[in-house]
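Peer 1: quick one, structure for this:
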Amino acid sequence: MKILLIIGVTLVAGCAAHPDPIVDMKGVNVAQYEEDLAQCKSYGDEVKVEKGVAKGAATGAVVGAVVGAIGGNADRGAGYGGAYGGTKSGVSSQREKEQVVKRCMRGRGYKVLN
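Peer 2: All right, here's what the predicted structure looks like:
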């Protein structure tokens with residue numbers, strides 16, 4: 001199960017192609033922007049991606065084991081289900097984290113383009 005968690009976290013890290021918001025910087029005080037971005041990122045850090053991966057992996061492993069048992073290979077089904085569930089949950093958690101940062105920046109008056 002631990003290897004599935006590592007695989008899921010690695011895949012999620014690879015999916016985070018552009019986690020920072022793209023902001024129209026015209027007329028923006030760069031020092032204030034950096035401070036606001038750091039604060040908004042700290043709010044985003046409250047979304048626990050690792051917990052999402054672990055929960056998704058556990059759920060996926062159970063479902064995969066049941067489906068695999070029907071086909072005669074519960075272990076393989078659990079492995080595939082765990083990897084799929086962990087990755088899917090991790091990607092979802094990462095997106096939520098990015099959205100928190102973007103909403104925070106919009107709330108502070110920045111023109112977020114993505």
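Peer 1: which one is residue 46 nearest to, not counting chain neighbours?
Peer 2: Residue nearest to residue 46 in three dimensions, not counting chain neighbours: residue 100, with 7.4 Å by C-beta to C-beta, 6 or more residues apart in numbering. The way it works is simple: take the backbone N, C-alpha and C, and place the C-beta from them, glycine included.
Peer 1: you'd agree that neighbour is in a strand?
Peer 2: No - counting by DSSP: H, G, I helix; E, B strand; the rest coil, residue 100 is not found in a strand; it is helix.
Peer 1: ok, now which ones touch it?
Peer 2: When contacts are counted by C-beta atoms under 8 Å, 6 or more residues apart in numbering, residue 100 is found next to 40, 43-44, 46-47.
Peer 1: any idea how far residue 43 is from it?
Peer 2: 6 Å (C-beta to C-beta, to the nearest Å).
Peer 1: neighbour-wise, which one of the contacts of residue 100 leads?
Peer 2: The most crowded member of these is residue 40, carrying 22 neighbours; neighbours defined as other C-beta atoms under 10 Å.
Peer 1: who does whatever helix or strand that one lives in touch, helix- and strand-wise?
Peer 2: Secondary-structure element containing residue 40, defined by DSSP states H and E: helix 30-44. Other helices and strands packing on helix 30-44, by 3 or more C-beta pairs under 8 Å, 6 or more residues apart in numbering; DSSP states H and E, are helix 74-107.
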